[in-house]
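**Student:** fold the following and give me the result.
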Amino acid sequence: MSLSSVFNIAGTGMSAQTTRLNSTASNIANAETVSSSIDQTYRARHPVFATVLADQTGASGGSLFEDQGVAGQGVQVTGIVEDQSNLEARYEPNNPAANQDGYVYYPNVNVVEEMADMISASRSFQVNAEIMNTAKTMMQKVLTLGQ
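**Tutor:** Coordinates of the predicted model:
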């Protein structure tokens with residue numbers, strides 16, 4: 001694996017974590033929205049990540065995984081799935097969004113879990129940015145070796 005491929009790998013990680021941060025922000029923003037039916041109620045969304053392998057990208061080079069014939073070349077978001085856990089039904093007959101039985105439905109968003117996920121995604125983004133900075137410094141040092 002060449003040093004220049006580190007930039008692509010870290011870049012895909014930063015892109016994936018940006019998607020994760022955006023979905024977490026959307027979940028938090030919709031945490032207290034109400035609806036009169038289960039079908040119209042917001043459901044928490046979570047991104048699904050997958051490893052991009054060298055044989056998928058056509059890349060080659062020495063790697064720890066060379067004997068297996070594949071090497072990691074980054075990460076991609078394969079989709080965003082809705083959480084299918086139960087929604088919270090509350091009896092609030094005075095709520096304008098209440099159905100004929102007086103119930104409103106709240107999303108299945110746990111704000112505490114979403115905040116922890118946001119911190120984790122933010123830290124992962126920072127780590128990938130530091131990896132890029134370290135790789136840049138190493139490349140600059142290589143260029144000064146010939147002087």
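**Student:** alpha carbons of stretch 13-29, as CSV, please.
**Tutor:** Output in CSV follows, covering the C-alpha atoms of stretch 13-29 (Å, rounded to 0.1, in the frame of the first residue of the first chain):
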residue,chain,number,x,y,z
GLY,A,13,-13.7,7.5,6.4
MET,A,14,-14.3,11.3,6.7
SER,A,15,-17.1,11.1,4.2
ALA,A,16,-18.8,8.2,5.9
GLN,A,17,-18.6,9.9,9.3
THR,A,18,-20.1,13.0,7.8
THR,A,19,-23.1,10.9,6.7
ARG,A,20,-23.3,9.5,10.2
LEU,A,21,-23.2,12.9,11.7
ASN,A,22,-26.0,14.1,9.3
SER,A,23,-28.3,11.2,10.1
THR,A,24,-27.7,11.7,13.9
ALA,A,25,-28.5,15.4,13.6
SER,A,26,-31.7,14.5,11.7
ASN,A,27,-32.7,12.0,14.4
ILE,A,28,-32.1,14.6,17.2
ALA,A,29,-34.0,17.3,15.2
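**Student:** list the contacts of it.
**Tutor:** 44-47, 49, 74-77, 80, 107, 109, 111, 114-115, 117-118, 121-122, 124-125, 128-129, 131 (Cβ atoms under 8 Å, 6 or more residues apart in numbering). Glycine gets a C-beta too; all of them are placed from N, C-alpha and C.
**Student:** buried residues in the longest helix along the chain?
**Tutor:** The longest helix of the chain (DSSP state H) is helix 111-144. Across helix 111-144, burial judged by 16 or more other Cβ atoms under 10 Å covers 114, 117-118, 121, 124-125, 128, 131-132, 135.
**Student:** just give me the closest of those residues to Ser5.
**Tutor:** Set against Ser5, the nearest of those by Cβ to Cβ is Ala135 (9.4 Å).
**Student:** grab the nearest non-local neighbour of the closest one.
**Tutor:** Take Ala135 and drop its neighbours on the chain: the residue closest to it by Cβ to Cβ, 6 or more residues apart in numbering is Val6, 4.3 Å away.
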